[in-house]
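**Student:** Below is the sequence, then the predicted model.
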Amino acid sequence: MSRIADFIGVSARENVEKALAKARENEAFHALLSLTEDRALERAAKVDAGEITGRLAGVPFIAKDNFLTLGGTTTAASKFLENFSAPLQATAIEKLEAEGAICIGKANLDAFAHGGSTENSAFGPTKNAHDQERVAGGSSGGSAVAVALDMVPFALGTDTGGSIRQPASYNGVVGMKPTYGTVSRYGVVAMASSTDTIGVLSATAEDAELVMDILSGRDRKDMTTLPDFFAPTALSEPKRIGVIKEFMTDDVDPEVRVRVSEYIEGLKAKGHTVEEVSLPMVKYALAIYYIVVPAEVSSNLGRYDGVRYGKRAEATSLSEVYGLSRDQGFMPENKRRIMIGSYVLSSGFFDAYYLKAQKARTLLIDEFNKIFESFDAIVGPVAPTPAFKLGENTEDPVKMYLADIMTVPASLAGLPAISAPAGKTEAGLPVGVQFIGPRMSDATLLALARQGEV
């Protein structure tokens, strides 16, 4: 199944105008921060004239607003970059445009991608596509909702600890986080450099496969990128799949466990061998993540000082420029992560926290590697609950962080992972199932998800 195929061979202008109209019809969900209408229509005209061709010629898409794009602002949903116009485009955008795709707008997110609900946006929260009283998930919530509402067949997102997979699960779409280094991060606002990945949210796994095939590959502007290993594949034989025991406990919402268990029964019916596996280190994954990632966040946000670019507060001294600009430009969650990161990196605490967390991270990676000696993939829920209500967790940061408990392990290990729709609760809320595989098994995970859609 492919939603992208519906746009191929149709007037590009017609595709773009329909996408823009649908975006305006659904403004109440606040999935988008801006539309790049003028540039989109200009590119559509060139596609229709035959000047632009490619595998995605005339297909509209949306980019999370931490991707640098031309034709509008790149805000990262922050006051700091509220009026920032990028002088260049992210490599991911360039690759899609080279194949004829047309960006029609920028999606809402948690400011600087710090959050798991898209409630931390400086411009207001995005609402769930299935229930406007619930969160969209985050930080790629706007991208997930845009796809779920059929504004576009796919959208770009970033995933640092679950920011593609969790909102995909909450909104009933496919969310692909590739192996670390598969897609260039050049031109994307940095969060945590050792776990940041660029991925796709789409209506179907087949569409995600096509977009990933275009995005993947080496980029001389990003030295962490891997040689192009991605190649769409079919499942030539049944796979051996492990069910993560620690993710199927009584702490998980009963309806989530039921939907995931039903999906697992479907895997068995298709001939796959499915057995329970244990990952004891996953109970420490969230603690590891919220030491390592804030440390990198505090370093990456150091460039926002009110001097070089972005917001500059009115001040009477240089120290006031720094302090007031950062105070006014950052959201509370940004400040919280900067403070945690600065603390764990400070003299006297580096060994006790940061270094210990990195050692524990290595042990987690070793556990994954050991399991993948015997299994082709492992499976479990994406999140312990369906989408929670807006405002439900905003007063308790730890409760908010716990929503990522099942997604951060793959991110810490640099592994590919995908969220695939696994049905809905009785209340009509989507539930996602997560496949995790060894490094560079991205195509196999997409094939498993594609098989589950049949």
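**Tutor:** Yep, that arrived.
**Student:** so how far is residue 405 from residue 369?
**Tutor:** Going from residue 369 to residue 405 by Cβ to Cβ, to the nearest Å gives 21 Å. In this view, the C-beta of every residue, glycine as well, is placed from N, C-alpha and C.
**Student:** Of those two, which one has the most company?
**Tutor:** residue 405 (22 against 13; other Cβ atoms under 10 Å).
**Student:** doesn't residue 286 make contact with that one?
**Tutor:** Yes - with contacts counted by Cβ atoms under 8 Å, residue 405 reaches residue 286, the gap being 5.3 Å.
**Student:** Could I get the contacting residues of residue 58?
**Tutor:** Neighbour list for residue 58: 7, 8, 10, 11, 12, 15, 16, 44, 47, 48, 100, 102 [criterion: Cβ atoms under 8 Å, 6 or more residues apart in numbering].
**Student:** what does stretch 300-315 contact?
**Tutor:** 79-82, 84, 112, 190-193, 320-330, 334, 338.
**Student:** Go again with 6 Å.
**Tutor:** Residues outside stretch 300-315 that contact it (Cβ atoms under 6 Å, 6 or more residues apart in numbering) are 79, 80, 81, 84, 190, 321, 322, 324, 325, 328, 329, 338.
**Student:** Show me the two of the residues you listed that sit farthest apart.
**Tutor:** Spatial extent of the contacts of stretch 300-315 (Cβ to Cβ) is set by the pair 190 and 324 at 23.3 Å.
**Student:** Give me the mean pLDDT for the strand or helix carrying residue 207.
**Tutor:** Per DSSP states H and E: residue 207 is located in helix 205-215. Here helix 205-215 scores 98 as its mean pLDDT.
**Student:** tell me which strands and helices it is in contact with?
**Tutor:** Counting contacts by 3 or more Cβ pairs under 6 Å, 6 or more residues apart in numbering; DSSP states H and E, helix 205-215 packs against helix 91-98, strand 174-177, strand 197-202, helix 442-453.
**Student:** and the shortest one, what other elements does it pack with?
**Tutor:** So that's strand 174-177. helix 165-171, strand 197-202, helix 205-215, strand 417-424.
**Student:** Pull up the pairing partners for that strand, direction included.
**Tutor:** strand 197-202 (antiparallel), strand 417-424 (antiparallel) (DSSP bridges).
**Student:** from these, which stretch is densest packed?
**Tutor:** strand 197-202 (a mean of 29; mean count of other Cβ atoms under 10 Å).
**Student:** ok, and what's touching that strand?
**Tutor:** Outside strand 197-202, the residues that touch it by Cβ under 6 Å, 6+ apart are 92, 143-144, 147, 154-155, 157-159, 164, 168, 173-178, 180, 183, 208, 211.
**Student:** In PyMOL, how would I select just the buried ones from these?
**Tutor:** Burial among the contacts of strand 197-202 is assessed by 16 or more other Cβ atoms under 10 Å; the matching PyMOL selection reads:
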select buried, resi 92+143+144+147+154+155+157+158+159+164+168+173+174+175+176+177+178+180+183+208+211
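**Student:** Kind regards, and thank you for your time.
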